[in-house]
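Peer 1: What follows is a predicted structure for the sequence shown.
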Amino acid sequence: MSRRTRLAVAAGTVAAATAGVFVLTVPNASAATLFSANFESGSSGWSKSGGDWSLTSDGSQTFQQSNTGTDRARQFAGDTGWTNYSVQGRVKPLAFGGSGSVVALASRVSSSTKMYRLALTNANRVELQYMNGSSVTVLAGVNRTVSTGTWYTLRIDTSGSTISGYVDGSLVGSATNTAVSAGRIGLFTGYASARFDDISVNDSGTTPPTTPPPTTGQPTTPPPTTPPPTTPPPSGSWPTPTGQVNVNGTISVSGTLDGGMRRYCCIGDGGQEESQD
């Protein structure tokens, strides 16, 4: 009489919880316009120091300095208390009068001879400079063809001790300098004539980070699942299983028990149990 051995299969459910990452987006603080001048309504708000200045049409109204024989022709505007800001303007050199000629935009002007300036030179250079009286220190610079009759967009950014200069949107260089902490803006020519237009000043603003560090929660651990007890066979030993598990959930195992070959087919999709001698 054959013996029937039942193979019990127990399935457990494992739950996993994944911690979420929360991203907080904060709108960027927009920069405020402190000053602007396109000279369409004149040149009020500017104060002259040297040179021959006049309003001249060049597609639109511009501010022109015509004297190539003076080493320091300047116009100043703005507030002496300005610290961290960006000044930008379009500049067109008209003529260079000799060696050392410059056409420049100035920032943090603390006196008529002390300032940071971004200068176009007749040596085909664009230089970020610190000017203090007759002393000029080059903070950064690039080789760049400088042509008369061509418009260039110059920009100086000041933030604390960091001074940066740009020409036509490209970085000329940045430097650390603490010589001038605040001051007005300026237009500058040295042994050169030039036109200036579309001057604007914006404060630096404050841009907070858009994504704070992610917050990582702790994964939820499910309670352990205890499988039901396994009933041993009435006699003999368990077969050494050889078989397969298919995707439909049926397990088949074959082996040797009590010297005879048995085929065991146990729990399928419907939970039914089968056995064969």
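Peer 2: Now that the structure is in, tell me what you want to look at.

Peer 1: sec struct for Ser147, please.
Peer 2: coil (DSSP: H, G, I helix; E, B strand; the rest coil).

Peer 1: Determine the number of other residues adjacent to Thr145.
Peer 2: Counted by other CB atoms under 10 Å, the residues lying close to Thr145 total 8. Just so you know, the C-beta spots here come from the backbone N, C-alpha and C atoms, and that holds for glycine as well.

Peer 1: give me phi/psi at it?
Peer 2: The phi and psi values for Thr145, taken as degrees, to the nearest 10, are phi -60, psi 130.

Peer 1: any idea what sits nearest it, other than its immediate chain neighbours?
Peer 2: The shortest distance from Thr145 to any non-neighbouring residue, by CB to CB, 6 or more residues apart in numbering, is to Asn124 (5.3 Å).

Peer 1: what about that neighbour, neighbour count?
Peer 2: So Asn124, with other CB under 10 Å, has 12 neighbours.

Peer 1: Could you do Lys48 as well?
Peer 2: Number of residues near Lys48 (other CB under 10 Å) recorded here: 14.

Peer 1: Correct me if wrong: it contacts Thr70.
Peer 2: No - taking contacts as CB atoms under 8 Å, Lys48 lies outside contact range of Thr70: 11.7 Å.

Peer 1: didn't Phe35 look like it was pressed against Ser107?
Peer 2: No - using CB under 8 Å, Phe35 is not in contact with Ser107, being 12.0 Å away.

Peer 1: so what sits against both of these two?
Peer 2: Shared contacts of Phe35 and Ser107, defined by CB atoms under 8 Å, 6 or more residues apart in numbering, comprise Ile185.

Peer 1: which one of the two has more residues nearby?
Peer 2: Taking other CB under 10 Å, Phe35 and Ser107 do not tie; Ser107 has more neighbours (26 against 17).

Peer 1: separation between that one and Asp157?
Peer 2: To Asp157, Ser107 is 8 Å away according to CB to CB, to the nearest Å.

Peer 1: Return every residue with contacts to both of those two.
Peer 2: Common contact partners of Ser107 and Asp157 (CB under 8 Å, 6+ apart): 85, 163.
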